[in-house]
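>>> Provided below for reference: sequence and predicted model.
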Amino acid sequence: MNWTDERVELLRKLWAEGLSASQIAAQLGGVSRNAVIGKVHRLKLSGRGRTTAAPARQKKTSSPSVSKPARSASPARSAAPTVGATALQVQFDAEPVARQHLRAVENVVVPISRRLDLTELTERTCKWPNGDPLSEDFHFCGNEAGESGPYCAYHARLAFQPASERRRLR
DNA sequence: CCCTGATTCGC
DNA sequence: GCGAATCAGG
């Protein structure tokens, strides 16, 4: 797969919306979550709302002689205390609570589905129903489903492991 | 064990 | 530039 303009744009959007790398990968289709993460880094938009910090990596040494981390002494942390005023301003507040009209019960986030009609589904398309079945808007997700199930990775998680998501989602 | 993102490095 | 392998954490 090639990172076209549209795909990059979609990546940025979904990432900004707080979707996880694997979820984004599932919607893009044809890429792994690592690919997404790697691309995110290259785009320099890694620091999002809340995730694991960046403790600095150091591994994968091809040289057979070098393999002694030895981080017992003081690493590189004796810098000036003038750091840290960056991550405080979060644009995190997209929860007006007022869910006014009928929002789908479990639609926390509706990924861009391909709006497939029932007749357009194949064995490899996600069969997650979207919208009101009685409405004309009803359609299926249609993203890459793979062999592990009838859904794409994203919907599979929603269906089978909702607790995992709620965990951090507070 | 499941997941998450972060980093490195060979390609 | 890309992404698999790996790491580190929840």
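That came in fine, so what should we check first? Numbers count the residues shown, from 1 in each chain, chains lettered A, B, ... in the order given.
>>> Which residues in the host helix or strand of A:Ala156 does the neighbour count mark as buried?
A:Ala156 is part of helix A:153-160, with elements assigned from DSSP states H and E. For helix A:153-160, burial by neighbour count (16 or more other Cβ atoms under 10 Å) applies to A:Ala153, A:Tyr154, A:His155, A:Ala156, A:Arg157, A:Leu158. C-beta here means a position set from N, CA and C on the backbone, and glycine is covered the same way.
>>> from memory A:Gly30 sits against A:Glu144, does it?
Yes. Between A:Gly30 and A:Glu144 there is a contact under Cβ atoms under 8 Å: 6.8 Å.
>>> What are the buried residues along the lengthiest helix in chain A?
Secondary structure of chain A per DSSP state H: the longest helix is helix A:5-16. Within helix A:5-16, the residues that count as buried by 16+ other Cβ under 10 Å are A:Arg7, A:Leu10, A:Leu11, A:Leu14, A:Trp15.
>>> cool, stretch A:131-148 as well?
Buried residues in stretch A:131-148, defined by neighbour count with 16+ other Cβ under 10 Å: A:Gly131, A:His139, A:Phe140, A:Cys141, A:Gly142, A:Asn143, A:Glu144, A:Ala145.
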